[in-house]
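J.: Predicted structure and sequence below. I'll ask about it afterward.
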Amino acid sequence: MQRTSNTVVFVQDSSKVDETDLSLIHALQINPRVTWTRLGGVLDVDPSTLTRRWRRLTREGLAWFSCYPRRNPAWTGHGWQANAFVEVETVPGNRRAVTEDLARLSNVWNIDATSGRRDLMLTVSAGSVMALDEEVMTSIATIPGVRATRTHFFRRILREGGSWRLDALSPDQQRALKPAGGQGKSRPGERDLALLRMLGPNARLPASEAAQRLGCSTATASRWIERLLASDYVSARCEVAHYLAGWQVAATLWLDVPQRELTTVAAAIASLPEIRLCATIGSEANLVAQVWLHRLEDLDEFEEQLATDFSGTRVLDRWITPRFAKRMGHTLRADGRRKDFVPFFAEREPA
């Protein structure tokens, strides 16, 4: 609250995310390019108010959009066919400098600071298993201050962060916001790559701006964007500065599941609302699950539920993530706010 002469003016704390903000973010997670008019009708909030709120959220780095390629055979010839977690151990006192160097690498999509033996965990993408191994050896392990690395290749991704949702809207509101139309089946071309470059840092990029850059009409650009986002070879997500929105704990669980039960157990765990990522993995563990929780104590309850529901599954290791430095190309501040964006591929390259 600020007082000017005899007038009291209430100023919204820029570091806070309130219930209306959470509803807005949840809605945009469901339908990234929904119009403000349609959204206002579903949320029963004036569209101009929603526009102002979204501008504040993005200006303060509290919420943002991204658009990124999925691992899909349609991208043959491009660098997104193999994915892995890469542990990085740093020389004491070098974690910050190493993190800054890693954040500049396009193939490093996520950087998590973690507990345990390693200092950082990266999500790395490349065109093949061999290319990813080369990336680790030549671009990551050679950074000054890196002491050791260890790579865990994803076999199959069952759920990733773009599927994670806030719990702010009613089932009726969620149904009302669901995008229409099915997934595109045609293979992506150079135009789709150009669009992906534009939408990478902001999946809600205005069609008029895309049209100007593509040299087409706004209606045509809008149609191309809708087709791309409806396809099964890209994902668009609306992110939130999770610490400030109430999610204080992120953890990674490394699970050993009996192989004959792996498909069933993996699908069941992937469907849990706390899960941000679930994938079968080539490691001592055969399943990895990342969870977001409100309190560290909630991890005990979550693991107890896993032990009850999946009696043959063992937790081999657990890592706590006290902070994220990069998420799907967006670099983050210590409190989880968005800072900048690193493209998934260089502008000079076709992919």
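T.: Okay, I see it.
J.: Pairing partners for the helix or strand where Ile281 lies, with directions?
T.: Here Ile281 sits within strand 275-282, counting by DSSP states H and E. In the sheet, strand 275-282 lines up against strand 146-159 (antiparallel), strand 287-293 (antiparallel) (DSSP bridges).
J.: contacting residues for the residue nearest the centre of the chain?
T.: Centroid-nearest residue in the chain: Gly161, 4.6 Å away (criterion: Cα atoms, centre = their mean). Each residue near Gly161 by Cβ atoms under 8 Å, 6 or more residues apart in numbering is listed here: Arg237, Glu239, Arg276, Leu277, Arg327, Met328. (C-beta placed from N, C-alpha, C; glycine too.)
J.: same thing but at 7 Å, please
T.: Gly161 sits next to Arg237, Arg276, Leu277 when contact means Cβ atoms under 7 Å, 6 or more residues apart in numbering.
J.: so who does the first one touch?
T.: Okay, so that is Arg237. Each residue near Arg237 by Cβ under 7 Å, 6+ apart is listed here: Gln29, Ser66, Gly161, Gly162.
J.: how about 10 Å then?
T.: Taking Cβ atoms under 10 Å, 6 or more residues apart in numbering, we find Arg237 in contact with 28-29, 32, 64-68, 160-164, 203, 327-328.
J.: Would you mind measuring from the residue nearest to the centre of the chain to His242?
T.: Gly161 sits 11 Å away from His242, going by Cβ to Cβ, to the nearest Å.
J.: go on, Arg175?
T.: Per Cβ to Cβ, Arg175 is found 25 Å from His242.
J.: Looking at these two, which is more packed in?
T.: Applying other Cβ atoms under 10 Å to Arg175 and His242 shows that His242 carries more neighbours, namely 21 against 11.
J.: Find the nearest non-adjacent residue to the more buried one, please.
T.: Gly336 (5.6 Å; Cβ to Cβ, 6 or more residues apart in numbering).
J.: Which helix or which strand is home to that neighbour?
T.: Judged by DSSP H and E, Gly336 forms part of no helix or strand.
J.: now the one 4 residues further on
T.: According to DSSP H and E, Asp340 maps onto strand 338-341.
J.: What are the buried residues along that strand?
T.: For strand 338-341, burial by neighbour count (16 or more other Cβ atoms under 10 Å) applies to Arg338, Phe341.
J.: What helices and strands are in contact with that strand?
T.: strand 63-69, strand 323-327, strand 330-332 (3 or more Cβ pairs under 10 Å, 6 or more residues apart in numbering; DSSP states H and E).
J.: Make CSV out of the ones you listed and add mean pLDDT, distance to Leu255 and mean neighbour count.
T.: Shown next, in CSV, are the helices and strands packed on strand 338-341 (pLDDT from 0 to 100; distance: least, Cβ to Cβ, whole Å; neighbours: other Cβ atoms under 10 Å):
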stretch, mean pLDDT, distance to Leu255, mean neighbour count
strand 63-69, 94, 26, 24
strand 323-327, 95, 22, 21
strand 330-332, 97, 27, 21
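J.: Just send these back as CSV, with distance to Trp292 too.
T.: What follows is the helices and strands packed on strand 338-341, written out as CSV (distance: least, Cβ to Cβ, whole Å):
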stretch, distance to Trp292
strand 63-69, 15
strand 323-327, 11
strand 330-332, 14
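J.: Of all the ones you listed, which one is nearest Ile111?
T.: For these, proximity to Ile111 was assessed by Cβ to Cβ; strand 323-327 is nearest, at 4.1 Å.
J.: which regions of this structure sit below the pLDDT cut-off?
T.: The chain contains residues with pLDDT under 70 at 1-15, 76, 79, 181-186, 345-351.
J.: give me that answer again for 80
T.: Low-confidence regions of the chain, defined by pLDDT under 80, span residues 1-15, 71-79, 180-187, 345-351.
J.: For the strand holding Ile281, list every residue counted as buried.
T.: Ile275, Arg276, Leu277, Cys278, Ala279, Thr280, Ile281.
J.: Between all of those, which two are separated the most?
T.: Maximum pairwise distance among the buried residues of strand 275-282 (Cβ to Cβ): 15.9 Å, between Arg276 and Thr280.
J.: Now flag whichever of the buried residues of strand 275-282 is closest to Lys16.
T.: Taking Cβ to Cβ as the measure, Arg276 is the one of those closest to Lys16, at 22.8 Å.
J.: Mind listing what's buried along stretch 92-106?
T.: So stretch 92-106, judged by 16+ other Cβ under 10 Å, has buried residues Asn94, Arg95, Val98, Thr99, Asp101, Leu102, Ala103, Leu105.
J.: residues contacting the last one?
T.: Just to be clear, that refers to Leu105. Leu105 neighbours (Cβ under 10 Å, 6+ apart): Ile111, Leu122, Val124, Glu135, Ser139, Ile140, Ile143, Lys326, Val342.
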